[in-house]
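> Here is a sequence together with a model predicted from it:
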Amino acid sequence: MKNLFKLYDNILTEKEIDTLYGSFRDEKEWKFIGFGKNPNYRKFTRDLNTTDSVESILFEKANTILKKNNLKEKVEFIRAYASGQLYGMMHDIHQDDGGIKLNEIYTIMFYLNKIWTPAYSGETIFLDVNWKDIIHSILPSPGRAVLFDGVIPHGAREVSRECIELRMVATFKYKVKNV
């Protein structure tokens, strides 16, 4: 069976991108954490809330993506959170929420920056099952989302020193029912 991997460009309107970017950059309270296999791993994080008028945009888009892929009735929501990283912050390659086999955990990531250029780096990379080769490399472009099988090893690359932005993503995790 093949790993689910779907990229969605323009999943957010220009107005939604502006609203989310402004809210997450200027209004949301972020918590700084550091942990992981690598002692240099650090990021900003915050939990998402369905009752927040801005964050509800993301919950609605996530539900739309699940419906488009016939997953809505097959999965149960685990959690949703936002992550941010700046130049110098490291991120571990990992599999999501203890996923060890295909079709067990699904993840949807939304990229929240209004502006992003290839010079900023910060790609999300996805590895093959042997953790040896990059099979996908996704730039955090505005209005972009990716749905993938959480067992696919993945992680965020470091942003370049040219980037003065906080690289922001919102991540939604789902577990397949009866697994």
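Perfect, thanks for sending it.

> Correct me if wrong: residue 168 contacts residue 83.
Yes. Taking contacts as Cβ atoms under 8 Å, residue 168 lies within contact range of residue 83: 7.3 Å. Heads up, the C-betas are built off the backbone N, CA and C, glycines and all.

> can you pull out the helices in the chain?
Assigned by DSSP state H, the chain shows helices spanning 14-22, 55-68.

> can you redo these as TSV with distance to residue 100?
Converted to TSV, the helices of the chain look like this (distance: least, Cβ to Cβ, whole Å):
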stretch	distance to residue 100
helix 14-22	33
helix 55-68	22
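
> which of those helices is buried the deepest?
Mean neighbour count, computed with mean count of other Cβ atoms under 10 Å, is highest for helix 55-68 among the helices of the chain, reaching a mean of 18.

> any idea how far that helix is from the chain center?
Chain-centre distance of helix 55-68: 13 Å, with Cα atoms, centre = their mean, to the nearest Å.

> what's the weakest-modelled helix or strand in this structure?
In the chain, the helix or strand scored least confidently by mean pLDDT, DSSP states H and E is strand 31-33, which has a mean of 83.

> Who are the packing partners of that strand?
Contacts defined by 3 or more Cβ pairs under 8 Å, 6 or more residues apart in numbering; DSSP states H and E place strand 31-33 against strand 43-47.

> show me where pLDDT drops low in the chain?
For the chain, residues meeting the criterion pLDDT under 70 lie at 1-2, 35-41, 179.

> hmm, back to that, out of the helices of the chain, flag the one nearest residue 33.
Between residue 33 and these, the tightest spacing by Cβ to Cβ is seen for helix 55-68, at 19.4 Å.

> angle of that closest one against strand 43-47?
Between helix 55-68 and strand 43-47, the angle comes out at 80 degrees (axes from the mean of the first three to the mean of the last three Cα atoms, to 10 degrees).

> Just the residues contacting helix 55-68, thanks.
Residues from elsewhere that reach helix 55-68 (Cβ atoms under 8 Å, 6 or more residues apart in numbering): 6, 8, 11-12, 16, 19-20, 48-50, 72, 75, 80, 108, 110, 145, 147, 170, 172, 174.
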